[in-house]
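Participant: Give me the fold of what follows.
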Amino acid sequence: QLAESGGGLVQAGGSLRLSCATFGGPFSSFNVGWFRQIPGKEREFVAAINWSGRSTYYADSVQGRFTVSRDNAKNMGYLQMNSLSPEDAAVYYCAIARYFDNATNASFYDFWGRGTRVTVSS
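Facilitator: As a prediction, the model looks like this:
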């Protein structure tokens, strides 16, 4: 099971740190991805980190503003979001996958959290 937290309301230019808690299973064997979705649109890839934390990948829209990380000892994943804009407002989801090759493709993830909402005021 996965559970996101840390969402909320923030002003444009502000920051939020999302967390992804995992329960049960070998978290350190899985790659972690972050996606976001707004109503009426498909789930969009945001960032991913491989099982060891040594490889990361970002969507162009968040590169340089967001940082993905993980703490395998705590079974936790994180998404640090800086310089937020209204265009970043969405429900954010974390997910885990066995393989990193298709990190941007939501269909390759095995388990998902329920999401946490991020609202950015202008």
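Participant: Distance-wise, check the closest residue to residue 1 other than its chain neighbours relative to residue 110.
Facilitator: Closest residue to residue 1 apart from its sequence neighbours, by C-beta to C-beta, 6 or more residues apart in numbering: residue 23 at 4.4 Å. Where C-beta positions appear, they are placed from N, C-alpha and C, glycine not excepted. With distances taken as C-beta to C-beta, to the nearest Å, residue 23 is found 14 Å from residue 110.
Participant: And the two? Which one has more around it.
Facilitator: Taking other C-beta atoms under 10 Å, residue 23 and residue 110 do not tie; residue 110 has more neighbours (12 against 9).
Participant: List the residues that contact that one.
Facilitator: Applying C-beta atoms under 8 Å, 6 or more residues apart in numbering to residue 110 gives the contacts 30, 95-98.
Participant: can you tell me which of those residues are in helices?
Facilitator: Using DSSP state H, no member of the contacts of residue 110 falls in helices.
Participant: quick one: which of the residues you listed is nearest residue 43?
Facilitator: Ranked by distance to residue 43 (C-beta to C-beta), the contacts of residue 110 are led by residue 95 at 9.4 Å.
Participant: what does the model give that closest one for pLDDT?
Facilitator: In this model, residue 95 is scored at 97, pLDDT.
Participant: so what's the spatially most central residue of the chain up against?
Facilitator: With distances taken as C-alpha atoms, centre = their mean, residue 34 lies nearest the centre of the chain, 2.4 Å away. Contact analysis of residue 34 by C-beta under 8 Å, 6+ apart lists 18, 20, 45-48, 68, 77, 79, 92-95.
Participant: In which helix or strand does it reside?
Facilitator: Using DSSP states H and E, the element containing residue 34 is strand 31-37.
Participant: what's near enough to touch the residue nearest to residue 1?
Facilitator: Going by C-beta under 8 Å, 6+ apart, the list of residues near residue 23 reads 1-3, 75.
Participant: who wins for neighbours among these?
Facilitator: Neighbour max across those (other C-beta under 10 Å) = residue 2, 21 neighbours.
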